[in-house]
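*Asks:* The following block contains a protein sequence and its predicted model.
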Amino acid sequence: MYVIITDEDLVVKRCIRHEDKIIAKSDNRNQGYDDIVFDFENIREVWYVKRRLTGQLSGQTDILLE
């Protein structure tokens, strides 16, 4: 899993390298998410994801931000 950052996008996807491009593949392909192709020259940063932190927050929305 990789984080790809360009001037226009930030995506988190599984990626493969093909010639001078990165192809970002979705885990949810059956839900209509197509591959995204990035040229190397348009990529600003690439981060490899080793771990993920997650917390299942309850559906409550009673917190007010001021």
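*Replies:* Nice, I can see it. Numbers count the residues shown, from 1 in each chain.
*Asks:* contacts and neighbour counts: CA atoms only from here.
*Replies:* Fine.
*Asks:* Just give me the neighbour total for Val3.
*Replies:* Using other Cα atoms under 10 Å, the number of residues around Val3 comes to 16.
*Asks:* Kindly report the same for Asn30.
*Replies:* 8.
*Asks:* Helix, strand, or coil at it?
*Replies:* Counting by DSSP: H, G, I helix; E, B strand; the rest coil, the backbone at Asn30 sits in helix.
*Asks:* again, but for the one 3 residues further on
*Replies:* Put simply, Tyr33 is coil when judged by three-state DSSP.
*Asks:* Give me the nearest residue to it, chain neighbours excluded.
*Replies:* Ser26 (6.3 Å; Cα to Cα, 6 or more residues apart in numbering).
*Asks:* Quick check: the one you found touching Lys13?
*Replies:* Yes. Using Cα atoms under 8 Å, Ser26 makes contact with Lys13 at a distance of 5.8 Å.
*Asks:* Please, which helix or strand holds Val12?
*Replies:* For Val12, the host element (DSSP states H and E) is strand 10-18.
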